[in-house]
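# I'd like to go over a predicted model; first the sequence, then the structure.
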Amino acid sequence: MSKELRSKAMTQGISRSPNRAMLRAMGFGDDDFSKPIVGVANGYSTVTPCNMGLNDLTAAASQTLSESGAMPQTFGTITVSDGISMGTEGMKFSLVSREVIADSIETVVSAASHDGLLAIGGCDKNMPGAMIAMARLNIPSIFVYGGTIKPGHLDDGRDLTIVSAFEAVGQITAGKITEEELLDIERHACPGAGSCGGMYTANTMSSAIEAMGLSLPKSSTMAAEDDEKKESTRESAKVLFAAIQKNICPRDILTREAFLNAIAVIMAVGGSTNAVLHLLAIAHSANVPLSIDDFEAVRLKVPVLCDLKPSGRYVVTEFHNAGGVPLVMKMLLENGLLNGDCLTITGKSIRETLSGTPSVPPSGQDVIHPFENPVYPKGHLAIMKGNLSPEGSVAKISGIKSTAITGPARVFDSEDEAMAAIMAKTIKAGDVVVIRYEGPKGGPGMREMLAPTSALIGEGLGDSVALMTDGRFSGGTYGLVVGHVSPEAAVGGPIALVHEGDMITIDATRNLIEIKVSDEELARRKSLWKAPAPRYARGVMSKYRLLVKSASLGAITD
């Protein structure tokens, strides 16, 4: 070992005889107290298909760690199903779960003096939660993604994902499909285990972690139910054991250059807006300077190379078969858009890791485009600013036909109010829907707005209606939508001062989000504004509301 084991604080010396006695109850023998003790954080649960296969991966990782010469200790951490809680009060707990996951992993690993950490997760917040914990702990660590779900299919051959079901709600409201067709989509959208199958938040964050070097090459896009997922988990355990021997730690890997690499990959694959929030939070935990403006700087350089859902045509299993993240990284590296010197958990650099990877997409597929013929010439996650969002906001501008809308504000003080108006067909082409008091403090918890955006698309309004919110959007969202508007309404941000009918401009070409109201009038409205009463007075949501910072900083809580 290049560094003394942390676990010696628990296992060595006469005074630690009681500690060893308890460890013996869990199978430790005389020769085991000199071995590294590795925490295996298991996000298994049956509250979501994303995580229901993780017990098998945990068993494979633990067995391999034991065979390698480590003593694994498994423990559980939570998950929240974004897809199942979407559109309900329960969705407010989703972003909060990121902090609970990070805190729980940090708590157990610190209390147990673990020498290494292997975290296994599936649903959206598992990845950033585990990464925040890894950055705080800074002990040898690796992340194992539970894998993506395979696409569902209709009899006509159409691929389905969970977003198909959300959009079908809008389609039935608009009279475009029947109840029988809706039920058919519902029955076939989610065929088994795994995280939502497009380049939504879970697959976006798994791709980002691979790009940063804290998971194994190509592991971020494997299907949960395929054998290669378990084999990759076993290999991850071996790599972690070697990293413990070499004392390779997360902050050796999570440099500013590694974060810029991750942003470049997210732009190239057409990833989720939530990546902005999560990478800022992970960088904060790693003490790495990263700002919302760095995303815009990278966006202007990096094209979108992958035609993936939600705005594109293909699912992540098809992306994986076409070459996945390693191919995209090699293309970016060859074109000077990736730093190849960054270290990975294997001990190799990015450049060394990609040395055998092709630099051009294979023929006969259209999932990954050649560099000279991208899906879009610039990245799709735009940082918008203006008098409605002076700290910045995030827009996903891929797949939109109209890059700018100026229209009257339709103002709603919650997602539920907005959804009711959409379902009642009171939203018309040209409107700018404003959903506020759904930010980190205001929600609290910053709900995702997949239900209203999908309903608008299902009704055929996706190209003619804009939507802005201080809440978030699901990775499954597309259209002219702007989220993370900061400062949020609950702290008196400009979005709190919008009146029904005010003219608002959202312009993706100018990165502008602006209300056509004078500064003097906004100041007058601000003087009359009063903060609303908190929606939660006790419990985890009350604590979160008091601690959480602006979305422009990653909604951090420390």
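Done, it's in.

# pLDDT at the most centrally placed residue in the chain, what is it?
Centroid-nearest residue in the chain: residue 201, 3.9 Å away (criterion: Cα atoms, centre = their mean). Note on residue 201: pLDDT of 95.

# For the stretch 1-150 of the chain, which segments are assigned as helices?
Along the stretch 1-150 of the chain, counting by DSSP state H, counting those that start in this stretch, helices occupy 8-11, 17-25, 54-68, 82-85, 93-111, 126-137.

# for the stretch 351-500 of the chain, same thing?
415-423, 450-458.

# mind putting those helices in TSV, distance to residue 363 included?
To be clear about C-beta, it is placed using only N, CA and C from the backbone, and glycine gets the same treatment. Shown next, in TSV, are the helices of the stretch 351-500 of the chain (distance: least, Cβ to Cβ, whole Å):
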stretch	distance to residue 363
helix 415-423	43
helix 450-458	33
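
# picking that back up, wait, the residue nearest to the centre of the chain touches residue 128, no?
No: if you go by Cβ atoms under 8 Å, residue 201 and residue 128 don't touch, sitting 9.1 Å apart.

# Determine how far the helix or strand bottoming out on mean pLDDT in the chain lies from the middle of the whole chain.
Least confident helix or strand of the chain, by mean pLDDT, DSSP states H and E, is helix 450-458 with a mean of 86. Chain-centre distance of helix 450-458: 20 Å, with Cα atoms, centre = their mean, to the nearest Å.

# before we move on, back to that, list the residues that contact the residue nearest to the centre of the chain.
Residue 201 is in contact with 82, 124, 272, 274, 275, 474, 475, counting by Cβ atoms under 8 Å, 6 or more residues apart in numbering.

# Check the residues you listed and tell me the two furthest apart.
82 and 275 (14.4 Å; Cβ to Cβ).

# Just want to know which of the two has more residues nearby.
Neighbours around residue 82 and residue 275, counted as other Cβ atoms under 10 Å, are more numerous at residue 82. The numbers are 32 against 25.

# picking up where we left off before, looking at the helices of the stretch 351-500 of the chain, which one is packed in the most?
For these, the largest average neighbour count (mean count of other Cβ atoms under 10 Å) is found in helix 450-458, namely a mean of 26.

# quick one: contacts of that helix?
So helix 450-458 is contacted by 86-87, 163, 166-174, 176, 415, 418-419, 422-423, 427, 433, 435, 462, 465, 467, 473-474, 476-479, 481 (Cβ under 8 Å, 6+ apart).

# related to what we said a few turns ago, wait, which of the helices of the stretch 351-500 of the chain is closest to residue 308?
Of all the helices of the stretch 351-500 of the chain, helix 450-458 sits nearest to residue 308, with 16.6 Å by Cβ to Cβ.

# Where does residue 279 sit, in terms of helix or strand?
Counting by DSSP states H and E, the element that carries residue 279 is helix 274-285.

# Give the buried residues for that helix.
Within helix 274-285, the residues that count as buried by 16 or more other Cβ atoms under 10 Å are 274, 275, 276, 277, 278, 279, 280, 281, 282, 283, 284, 285.

# Looking at these, spot the one nearest residue 365.
Nearest to residue 365 among the buried residues of helix 274-285 is residue 275, at 24.6 Å by Cβ to Cβ.

# My read is that the closest one contacts residue 381, right?
Yes: Residue 275 is within contact range of residue 381, at 7.3 Å (criterion: Cβ under 8 Å).

# Show me whatever sits in contact with both of those two.
residue 266.

# wait, doesn't residue 280 sit right on residue 293?
No: assessed by Cβ under 8 Å, residue 280 is found out of contact with residue 293, at 11.0 Å.

# Output the next helix or strand after the helix holding residue 279 as PDB, restricted to C-alpha atoms.
Sequence order places helix 292-299 as the next helix or strand after helix 274-285, per DSSP H and E. Coordinates of each C-alpha in helix 292-299 appear next as PDB, following Å, rounded to 0.1, in the frame of the first residue of the first chain:
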ATOM      1  CA  ILE A 292     -22.700  28.200 -15.000                       C
ATOM      2  CA  ASP A 293     -20.800  30.200 -17.700                       C
ATOM      3  CA  ASP A 294     -18.400  27.400 -18.300                       C
ATOM      4  CA  PHE A 295     -21.300  25.400 -19.900                       C
ATOM      5  CA  GLU A 296     -21.900  28.200 -22.400                       C
ATOM      6  CA  ALA A 297     -18.200  28.400 -23.300                       C
ATOM      7  CA  VAL A 298     -18.100  24.700 -24.000                       C
ATOM      8  CA  ARG A 299     -21.400  24.700 -25.900                       C
END
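
# buried residues in the helix or strand that comes right after helix 292-299?
Downstream of helix 292-299, the first helix or strand assigned by DSSP H and E is helix 316-322. Neighbour counts over helix 316-322 (16+ other Cβ under 10 Å) mark 316, 317, 318, 319, 320, 322 as buried.

# Return the closest of those with respect to residue 344.
Taking Cβ to Cβ as the measure, residue 344 lies nearest residue 320 of these, at 19.3 Å.

# For the residue lying closest to residue 75 once chain neighbours are set aside, give me its contacts.
The shortest distance from residue 75 to any non-neighbouring residue, by Cβ to Cβ, 6 or more residues apart in numbering, is to residue 108 (5.0 Å). Neighbour list for residue 108: 39, 41, 75, 114 [criterion: Cβ under 8 Å, 6+ apart].

# Give the burial count for the last one, as a bare number.
Spelled out, it's residue 114. Neighbour tally, residue 114, other Cβ under 10 Å: 29.

# still on that earlier bit, out of the helices of the stretch 351-500 of the chain, which comes closest to residue 52?
Here helix 450-458 is closest among those (Cβ to Cβ), at 21.1 Å.

# and the direction of that closest one versus that of helix 415-423, what angle?
Per axes from the mean of the first three to the mean of the last three Cα atoms, to 10 degrees, the angle that helix 450-458 makes with helix 415-423 is 20 degrees.

# Put the alpha carbons of helix 450-458 into PDB.
Extracted in PDB, the C-alpha atoms of helix 450-458 (Å, rounded to 0.1, in the frame of the first residue of the first chain):
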ATOM      1  CA  LEU A 450     -42.000  16.700 -17.600                       C
ATOM      2  CA  ALA A 451     -45.800  16.400 -17.200                       C
ATOM      3  CA  PRO A 452     -46.600  19.900 -18.500                       C
ATOM      4  CA  THR A 453     -44.000  20.000 -21.200                       C
ATOM      5  CA  SER A 454     -45.000  16.500 -22.500                       C
ATOM      6  CA  ALA A 455     -48.600  17.500 -22.400                       C
ATOM      7  CA  LEU A 456     -47.900  20.600 -24.500                       C
ATOM      8  CA  ILE A 457     -46.000  18.500 -27.000                       C
ATOM      9  CA  GLY A 458     -48.700  15.900 -27.100                       C
END
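
# burial of residue 392, as a residue count?
Neighbours of residue 392 using other Cβ under 10 Å come to 23.

# and what of residue 435?
27.

# Wait, it touches residue 414, no?
Yes: if you go by Cβ under 8 Å, residue 435 and residue 414 touch, sitting 7.2 Å apart.

# Distance from stretch 134-141 to the middle of the chain?
Here stretch 134-141 is found 19 Å from its chain centre; the criterion is Cα atoms, centre = their mean.

# I'd like the buried residues of helix 274-285 laid out as CSV, including distance to residue 510 and pLDDT.
Shown next, in CSV, are the buried residues of helix 274-285 (distance: Cβ to Cβ, whole Å; pLDDT from 0 to 100):
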residue, distance to residue 510, pLDDT
274, 24, 95
275, 23, 97
276, 19, 98
277, 23, 97
278, 27, 98
279, 24, 98
280, 23, 98
281, 28, 98
282, 30, 98
283, 27, 98
284, 29, 98
285, 33, 98
